[in-house]
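Undergrad: What would the 3D arrangement of this be:
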Amino acid sequence: MNLKKLKIDRMISVATLVTSLIALVLVLKKPAPVAPPLPSARAAEKAQSFEEKMQQLEQPKDPGQPAAEVRLSSDEVSAALAQAAGATPAAAAESSSARPGEALDSPNSFVAGGAPEVNDYQVNFDGDVARGQFLTKIGGKDVWVTLSGHLASKDGYATFDPTELKVGDLNIPVSLVNDALQKKLFEQRDRLKLPDTVGGIRVEDGQLVMTQK
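TA: Predicted coordinates for the structure are as follows:
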């Protein structure tokens, strides 16, 4: 009986070890990109298009006229983010593709602590879902995070309702981190305040839609 129990214990230990190793490999593995990188020339063109569309929201509207509405593609948003970070998407990917990483201590690790250092951005809009992917260093660990969900606005602030989370190539149940994520969003609420010229945002038909206030 004791021998049988010993064999079962060893089997459980081996299974736990194998599972842990698989999880570690998936966390360290770079996931498939949510969007292809943009060539530098095209990125500059898309960043300029983003700026021109945002300027449309700053134009005063005539009395009785409907609020202006602009639609932004994921390429335009990605290019604008890369420009704001001071790097093209291609350069950012080149500098970060070979970085080592370590496993996360827990699913909540990526939203714990202070504001994370984000080194790379990729954005994609699919139907009414916004999907972002970034390389970030949290607690001294380099990890790829892919986050999907519904982007909207309320009372002048952007809101985000997550539907999918991946760390590396490992799927994490959203239910495990949603409370921590919403708490973090609330703590950084000032960053979620919409520009004075923007009345609302949403993702629709694979585009980011912004309406004039």
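Undergrad: For this structure, just list every one of the strands.
TA: Assigned by DSSP state E, the chain shows strands spanning 69-72, 117-126, 129-138, 141-154, 157-167, 170-172, 198-204, 207-212.
Undergrad: For the longest one, buried residues please.
TA: Put plainly, it is strand 141-154. Residues of strand 141-154 classed as buried: K141, D142, V143, W144, V145, T146, L147, S148, G149, L151, A152, S153 (neighbour count, 16 or more other CB atoms under 10 Å). The way it works is simple: take the backbone N, C-alpha and C, and place the C-beta from them, glycine included.
Undergrad: again, but for the first one
TA: Burial within strand 69-72, assessed by neighbour count using 16+ other CB under 10 Å, is assigned to V70, L72.
Undergrad: Just the buried residues of stretch 36-53, please?
TA: The neighbour-count check on stretch 36-53 (16+ other CB under 10 Å) flags P37, L38, A43, K46, A47, S49, F50, K53 as buried.
Undergrad: contacting residues around D179?
TA: With contact set as CB atoms under 8 Å, 6 or more residues apart in numbering, D179 has no partners.
Undergrad: Roughly how far does the residue lying closest to A35 once chain neighbours are set aside sit from S175?
TA: In space, A35 comes closest to N124 once its chain neighbours are excluded; the distance is 4.5 Å by CB to CB, 6 or more residues apart in numbering. Counting by CB to CB, to the nearest Å, the gap between N124 and S175 amounts to 23 Å.
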